[in-house]
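> Got a predicted structure plus its sequence, pasted below:
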Amino acid sequence: QAIRQAGQILSSLFYARDIAGRLGGDEFAVFLYGNISLDLVRAKASQICGELQLVLGTEQTLTLTASVGVYLAGKGQEFEGLYHSADLALYKAKKNGKHQFYLKNGDVNLEDPGAPFRPVNAIPLGELLENMGSGVALLELGEDPQVIYVSPTFCGLIGEDPKAVKLPLPLSHFIHPQDYPGVLEALRESAGTGRTLEHSHRVRVAEGARWAWWRVYAVQIDYDAPHPVLLITASDVSQFKERELRQEERIQGLLAALNQTSKQVWDVDLETGIFHAYTPEGKYKVLGPGEMKFPWDLMEQGWVHPNSVARFQLFAQELLEGSAQGFGNFAIRSADTGSYLWVAVSYHTLYDEAGRATRAVGVLEHLSRVHRQSSLTHCPQWRLPERLAGDLVCRLCANLDLDTIELLWEEGSDLSSQVQQLRCSQVLEAQRGNVFSKGEQRALEGYFQREWLLEQYRQGKRWFCAEYRRVDGAGGIRWVRQVMYLGEEESSRQVYLLAYLIWIDPGNKLELSVRGENLRDPVTRLYDRETIRRIGVSLLQRPGSGNRAVGALTVSGLGQLPGNQGEQARYEIAVALSLVLGGSCVLGQYGPHQTVAVFTDVTSQDDLRRQLEEGISCLRDMLLPEEIYQDLRFLWGISLSAAEGADYEVMLREALRACSSQRDAASDRVVFAQETEDWGWPQLLPGEEGQGPV
């Protein structure tokens, strides 16, 4: 056992290029080469002596130490000469006493200048008891149990001066009266069994001024006393216990409120991975045969829609790894109707007294109920794409003139009623604090200032968009896209703000692909042509499930708009497009009137077609009030490929050709390259910039 442990320790102290081996018996040799200094050798020899301290055995312990002999060689020497010199150095190290090293550098001998070795088991007990984090006590378990010894740290935990504690003291002096009978019964049952008792209870602190939760371990020891004596170690776990009690109160409150809301409660046992759903009465809701393993059974049995599976896996991974809280929006099958519905799912994690994550308790609420429209009588509202529900992180509706909040939905929770007493400027400032980078906070400062937004509206600006890293409620850092619209209520002429936060990088693919200098188009603020090409190549090469797609959107008629009006239209279309497409793609500017979109997780061609057609419809709802948009046409060309064969350059050419084939269409259109394989002579002629074949 000692030889195995010594080998493991030696292996951990050297690089892979160094050669370490066992010569036989209790002797090891290590060969180092390269630019080796005297200071490095001395430090390494001292490190070996420090690390190789083994205390083996249980009843009869054996302390083992290491002696080290080192020879720092020059050039042109054979192994035998090196080993012989090192062996002589080792002999001198042993002769000087245990736990020493001896260094021979040519003709110069350097002994270990360090302090004498002191085995771990020789450290005074009093020194350990004074410096360890847990409190230690001895309890004599007679008819009236008495504490006969307390360590200095024990006294610190109860807020007492060690010199002022008069022993012995009755056990009842320390423990809460309501907990004392249970503690005493547990101690008596464990005495004489040889097993360690683990127990949690309240303890008097600072002469009864308050009570703290302790986690104690008790085991009987041999002690010269007429009654059994238990060794007690105690730790203050008040913060964990209070957190658990608060979580239990939340759960009870949620269960009590189930009959009054649309929310459903669920939980996951983090030790077993078992998932439970609950009825409004707080009883288990049976979803299938046997116990449900989270998340695999939910996905395999079809409870999660295929379009939501990838994101649900990421959500489940964070939950199972013990994240404090989390949220997500998914298409989930209803147990009552069998149809799929968009729901907001959020959870909080419960911890035991030792701080270990034990259970995740969550709620589920239909998004159709969360985003109710009836209360927003004055604020302009749009029908948003269904797919956007899966990417939505936060939604805000505010009256900027009155500085009030009408709706706030954030990370799976409708907070509208909780913020009614807050000003809009306060909520915006709180959202600014969630921006991860201080530099981005400064750059986007106006986006979170009511006065700045009102001034922008007076200057005729309506749309705003930014992408940045945001800290969520669980402390995770995620890429989001913030889209804001300023509008005016017709009768009151008051200015309203609609703001949306969209999660755009659930798999951290963008974080890994956005490297180097990333330039933006000066008008639309989308990635410029070269940057989106570089990002697209990187994204399509990354492994993963699902199909890949590259799309080219041409806005026909946009080039006929004059000067500033055309630039404003280009910017507003780009921002609205960033909203309706959600986080399912990365957007870039290909030409003045063309946008490129890269999709990395496409379920099917039909699904992508529906998404883009719905996006165009929603885009028109947002832009139609302005006359300049009525005569424009939105033409999508799409190239779809399996993940293995995805090539950005090839797919972009196909998408541009498909888009070019529809340039004379009288209505909005979505066409796939696979549907336009036969090219006529007119379609091969060069067209407007960016529209002809590449």
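Received, thanks.

> What is the least confident helix or strand in this structure?
Lowest mean confidence among the helices and strands of the chain (mean pLDDT, DSSP states H and E): helix 681-684, at a mean of 40.

> quick one, what contacts residue 163?
Residue 163 sits next to no residue when contact means CB atoms under 8 Å, 6 or more residues apart in numbering. Placement of C-beta: from N, CA and C, glycine included.

> mind saving the C-alpha coords of the helix or strand residue 597 falls within as PDB?
Per DSSP states H and E, residue 597 falls inside strand 594-602. Provided in PDB are the C-alpha atoms of strand 594-602 (Å, rounded to 0.1, in the frame of the first residue of the first chain):
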ATOM      1  CA  GLN A 594     -30.000  41.200 -48.800                       C
ATOM      2  CA  THR A 595     -29.700  39.500 -45.400                       C
ATOM      3  CA  VAL A 596     -28.000  36.200 -44.700                       C
ATOM      4  CA  ALA A 597     -29.300  33.800 -42.000                       C
ATOM      5  CA  VAL A 598     -27.500  30.700 -40.600                       C
ATOM      6  CA  PHE A 599     -29.700  28.100 -38.900                       C
ATOM      7  CA  THR A 600     -27.800  25.300 -37.000                       C
ATOM      8  CA  ASP A 601     -30.700  23.100 -35.700                       C
ATOM      9  CA  VAL A 602     -33.500  22.600 -38.200                       C
END
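
> how much distance is there from the next helix or strand after that strand to the middle of the chain?
Once the chain leaves strand 594-602, the next helix or strand it forms, by DSSP H and E, is helix 605-623. Distance of helix 605-623 from the chain centroid (CA atoms, centre = their mean, to the nearest Å) equals 32 Å.

> can you list the residues that contact helix 605-623?
For helix 605-623, contacts defined as CB under 8 Å, 6+ apart pick out 307, 382-387, 485, 549, 551, 572-573, 576-577, 579-581, 584, 599, 602, 629, 634, 636, 638, 640, 668, 670, 672, 674.

> Can you give me the buried ones in that helix?
Judged by neighbour count (16 or more other CB atoms under 10 Å), helix 605-623 contains these buried residues: 608-609, 611-616, 618-620, 622-623.

> quick one on the thing from earlier: quick check on the contacts of helix 605-623: which are buried?
Burial by neighbour count, 16+ other CB under 10 Å: within the contacts of helix 605-623 this picks out 307, 384-387, 485, 549, 551, 572-573, 576-577, 579-581, 584, 599, 602, 629, 634, 636, 638, 640, 668, 670, 672.

> What ranges does the stretch 551-694 of the chain have for its helices?
Counting by DSSP state H, counting those that start in this stretch, the stretch 551-694 of the chain has helices at residues 563-580, 605-623, 648-660, 681-684.

> CA atoms only: put stretch 436-447 into PDB for me.
Taking Å, rounded to 0.1, in the frame of the first residue of the first chain, the C-alpha atoms of stretch 436-447 are listed here in PDB:
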ATOM      1  CA  PHE A 436     -22.400  41.000 -17.700                       C
ATOM      2  CA  SER A 437     -19.700  43.300 -19.100                       C
ATOM      3  CA  LYS A 438     -19.100  46.700 -17.500                       C
ATOM      4  CA  GLY A 439     -18.000  47.900 -20.900                       C
ATOM      5  CA  GLU A 440     -21.300  46.800 -22.500                       C
ATOM      6  CA  GLN A 441     -23.200  48.400 -19.600                       C
ATOM      7  CA  ARG A 442     -21.600  51.700 -20.400                       C
ATOM      8  CA  ALA A 443     -22.100  51.300 -24.200                       C
ATOM      9  CA  LEU A 444     -25.800  50.400 -23.800                       C
ATOM     10  CA  GLU A 445     -26.500  52.900 -21.000                       C
ATOM     11  CA  GLY A 446     -29.200  54.700 -23.000                       C
ATOM     12  CA  TYR A 447     -31.200  51.600 -23.600                       C
END
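
> For residue 330, which three-state class applies?
strand (DSSP: H, G, I helix; E, B strand; the rest coil).

> hang on, isn't it packed against residue 390?
Yes: here residue 330 reaches residue 390: they are 6.6 Å apart, a contact under CB atoms under 8 Å.

> Give me the common contacts of the two.
Contact criterion CB under 8 Å, 6+ apart; residues shared by residue 330 and residue 390: 308, 311, 342.

> Name the nearest of the residues you listed relative to residue 398.
Distance to residue 398 across the shared contacts of residue 330 and residue 390 (CB to CB) is lowest for residue 342, with 24.0 Å.

> one step back: which of the helices of the stretch 551-694 of the chain has the lowest mean pLDDT?
Looking over the helices of the stretch 551-694 of the chain, mean pLDDT reaches its minimum on helix 681-684, with a mean of 40.

> So what pairs up with residue 22 in the strands?
Beta-bridge partners for residue 22, by DSSP bridges, are residue 28.

> residue contacts, it?
Shown in contact with residue 22 (CB under 8 Å, 6+ apart): 3, 7, 28-29.

> again, but for residue 292
Going by CB under 8 Å, 6+ apart, the list of residues near residue 292 reads 274-276, 298.

> circling back: in a markdown table, list the helices of the stretch 551-694 of the chain along with distance to residue 201.
As requested, the helices of the stretch 551-694 of the chain are exported to a markdown table (distance: least, CB to CB, whole Å):
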| stretch | distance to residue 201 |
| --- | --- |
| helix 563-580 | 55 |
| helix 605-623 | 57 |
| helix 648-660 | 64 |
| helix 681-684 | 82 |
